[in-house]
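Novice: Pasted the sequence and its predicted model underneath.
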Amino acid sequence: MSPAAPAGGGRLAGAILDFARLLRRAGLPVGPADLLAALAAVPLVDIGSRTQFRMALRATLIHRHDHQALFDQAFCLFWRTPQAGGNQPPGPAPAGALSGPPQPGAAQDSRAAANAAMTASDRERLHSMDFAAMGAADIAAAKREIKRLVLPLGCRRTRRRRPDPSGPHPDLRATLRVSLRRGGEILDIAATRRLSRPPPLVVLCDISGSMAGYTRILLHFLHAVATDRARVHTFLFGTLLANVTRALRHRDPDLAFQLVSQAVPDWSGGTRIGAALGMFNRRWARRVLAQGAVVLLVTDGLDRDGAAGLAEAMERLHKSCARLVWLNPLLRWNGFAPKSQGIRAMLPHVDEFRPVHNLSSLRALVESLSRPPAPGGMQRWRMLP
């Protein structure tokens with residue numbers, strides 16, 4: 001059932017839609033469900049009151065306290081200057097919510113910014129755009145770029161060997177078997193060479209509500225990796241852990257994501273990182289963490305249970321693999337500091353701590369995984385008192 005149209009008709013609904021797009025471009029995780037909630041909430045308040053209108057939008061479009069300051073700045077900018085939300089004016093704003101016509105200086109600044117953006121390379125803009133701020137066209141372009149990414153992992157020597165006439169290791173058994181066919185004469189010495197193959201790649205990806213703006217693009221990246229190479233194991237977790245390895249192996253992405261959605265019962269819910277990692281250590285670690293496995297842990301580190309059992313689970317996971325890389329979208333902020341209990345518990349047990357919020361960060365990850373880990377890479381993160 002569709003929500004009731006807000007007072008003011010379709011033009012106000014369009015303005016709210018443009019405002020939600022502005023919030024996404026600013027980096028806030030505003031999804032379709034939030035927009036529907038906002039459209040349903042606006043008719044319930046007095047839109048003649050700027051305060052009530054702002055509180056209705058803030059209560060439905062954001063869900064974290066640290067997003068309020070950015071929301072308030074965007075609200076003041078957009079509802080004073082409607083052109084800030086897009087190329088076309090969004091239509092009439094509600095009485096009291098629009099404090100007056102756009103100032104000439106603000107309109108000139110907006111046009112200058114638009115002209116400057118048009119001169120920049122579209123490819124560079126796409127690579128630097130935050131995943132959570134992408135529209136439908138940007139997501140489609142990002143998917144095409146992701147397909148071009150190749151994820152190389154340095155090959156490791158295994159214990160298995162294969163016959164190779166020029167191999168460095170003599171194979172006495174094979175030599176004797178061949179000699180018996182020739183009446184006992186040894187004419188050639190059979191040789192073998194050790195097999196080399198890329199190590200297993202294990203991905204543990206957070207799909208909780210705080211990661212909703214990044215999950216859709218990261219799943220396309222994981223699908224591209226899983227269909228391009230062997231021995232890729234993918235697990236998704238929120239409050240529960242789900243193994244979606246088989247689902248992501250389907251070449252058809254639509255079928256793969258449909259199977260993934262059926263296998264995961266808790267999309268965009270809470271996060272229990274410690275419990276999910278503990279379950280992985282108990283049920284799956286011995287099966288998939290072998291022969292120098294590389295683990296990618298994708299999460300913002302915000303755990304509903306605080307740090308309960310998280311340090312112990314991270315320590316065991318780190319000791320079970322050859323390389324543990326933590327990908328955190330919160331690193332997109334220059335002022336990021338590991339203040340939460342979950343992040344502080346996890347950091348001592350990872351080899352690399354990298355951002356994952358745009359195409360440039362994914363490309364940097366690919367380049368990093370093709371090289372040995374940098375020694376002492378975690379020393380720059382000092383634990384806060």
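Specialist: Happy to help now that I have it.
Novice: Which segments of the protein make up each domain?
Specialist: 10-119, 145-151+198-369, 160-197 (automatic domain parsing).
Novice: which residues does Ser268 contact?
Specialist: 31, 207-209, 212, 238 (Cβ atoms under 8 Å, 6 or more residues apart in numbering). Every residue, glycine included, has its C-beta placed from N, CA and C.
Novice: Looking at those, which is nearest Asp72?
Specialist: Nearest to Asp72 among the contacts of Ser268: Gly31, at 20.1 Å, using Cβ to Cβ.
Novice: Now do the helices for the stretch 251-385 of the chain: every range, in order, please.
Specialist: Assigned by DSSP state H, counting those that start in this stretch, the helices in the stretch 251-385 of the chain fall at 253-263, 273-283, 285-288, 310-320, 341-346, 359-369.
Novice: from these, which stretch is densest packed?
Specialist: Greatest average neighbour count among the helices of the stretch 251-385 of the chain goes to helix 341-346 (a mean of 23), per mean count of other Cβ atoms under 10 Å.
Novice: residue ranges with poor pLDDT in the stretch 251-385 of the chain?
Specialist: When the per-residue scores of the stretch 251-385 of the chain are filtered using pLDDT under 70, the ranges that remain are 371-385.
Novice: try 80
Specialist: Low-confidence segments of the stretch 251-385 of the chain, defined by pLDDT under 80, are located at 266, 268-269, 291, 305-306, 334-335, 369-385.
Novice: Does anything pack onto the helix or strand encompassing Asp72? Which helices or strands?
Specialist: When elements are assigned from DSSP states H and E, Asp72 belongs to helix 68-80. Using 3 or more Cβ pairs under 8 Å, 6 or more residues apart in numbering; DSSP states H and E as the contact criterion, the elements in contact with helix 68-80 are helix 10-25, helix 50-61.
Novice: tell me the contacts of the residue lying farthest from the centre of the chain?
Specialist: Relative to the centre of the chain, and counting by Cα atoms, centre = their mean, the farthest-placed residue is Gly183 at 64.1 Å. With Cβ under 8 Å, 6+ apart as the criterion, no residue contacts Gly183.
Novice: that's a helix at it, yeah?
Specialist: No. Secondary structure assignment (DSSP: H, G, I helix; E, B strand; the rest coil) places Gly183 in coil, not in a helix.
Novice: any idea how far it is from Trp326?
Specialist: 63 Å (Cβ to Cβ, to the nearest Å).
Novice: go on, Arg197?
Specialist: Noted for Arg197: a distance of 25 Å to Trp326, by Cβ to Cβ.
Novice: what would the domains of the chain look like in CSV with distance to Met129?
Specialist: As requested, these are exported to CSV (distance: least, Cβ to Cβ, whole Å):
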stretch, distance to Met129
domain 10-119, 8
domain 145-151+198-369, 6
domain 160-197, 36
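Novice: Return the most buried member of these.
Specialist: The highest mean neighbour count among the domains of the chain belongs to domain 145-151+198-369 (a mean of 19), with neighbours defined as mean count of other Cβ under 10 Å.
Novice: Which one of the domains of the chain lies nearest to His127?
Specialist: Judged by Cβ to Cβ, the one of those that comes nearest to His127 is domain 145-151+198-369, at 4.3 Å.
Novice: Off-centre distance for that closest one?
Specialist: 8 Å (Cα atoms, centre = their mean, to the nearest Å).
Novice: Kindly state the pLDDT recorded for the nearest residue to Pro163 once chain neighbours are set aside?
Specialist: For Pro163, the nearest residue in space outside its immediate sequence neighbours is Thr192; the separation is 5.8 Å by Cβ to Cβ, 6 or more residues apart in numbering. Reported pLDDT at Thr192 in the predicted model: 82.
Novice: before we move on, what about Val150?
Specialist: On the pLDDT scale, Val150 is placed at 71.
Novice: Could you tell me how far it is located from Phe257?
Specialist: Val150 is 22 Å from Phe257, where distance means Cβ to Cβ.
Novice: now Pro200
Specialist: 23 Å.
Novice: Would you confirm that the residue nearest to Pro163 belongs to a helix?
Specialist: No. When the secondary structure is assigned by three-state DSSP, Thr192 falls in strand instead of a helix.
Novice: Who are the contact partners of it?
Specialist: When contacts are counted by Cβ under 8 Å, 6+ apart, Thr192 touches 161-164, 167, 169-171, 174.
Novice: ditto for Thr299
Specialist: By Cβ under 8 Å, 6+ apart, the neighbours of Thr299 are 204-206, 211, 271, 273, 326-328.
Novice: Next, it: phi, psi?
Specialist: Main-chain torsions, Thr299, degrees, to the nearest 10: phi -170, psi 160.
Novice: before we move on, what about Asp206?
Specialist: Dihedral angles for Asp206 - degrees, to the nearest 10 - are phi -80, psi 130.
Novice: Kindly provide the distance from it to Asp305.
Specialist: Computed with Cβ to Cβ, the distance linking Asp206 and Asp305 is 14 Å.
Novice: now swap in Lys319 and tell me
Specialist: Taking Cβ to Cβ as the criterion, Lys319 is separated from Asp305 by 22 Å.
Novice: can you check Asp46 too?
Specialist: 40 Å.
Novice: One more: Met279?
Specialist: When Cβ to Cβ is the yardstick, Met279 and Asp305 sit 13 Å from each other.
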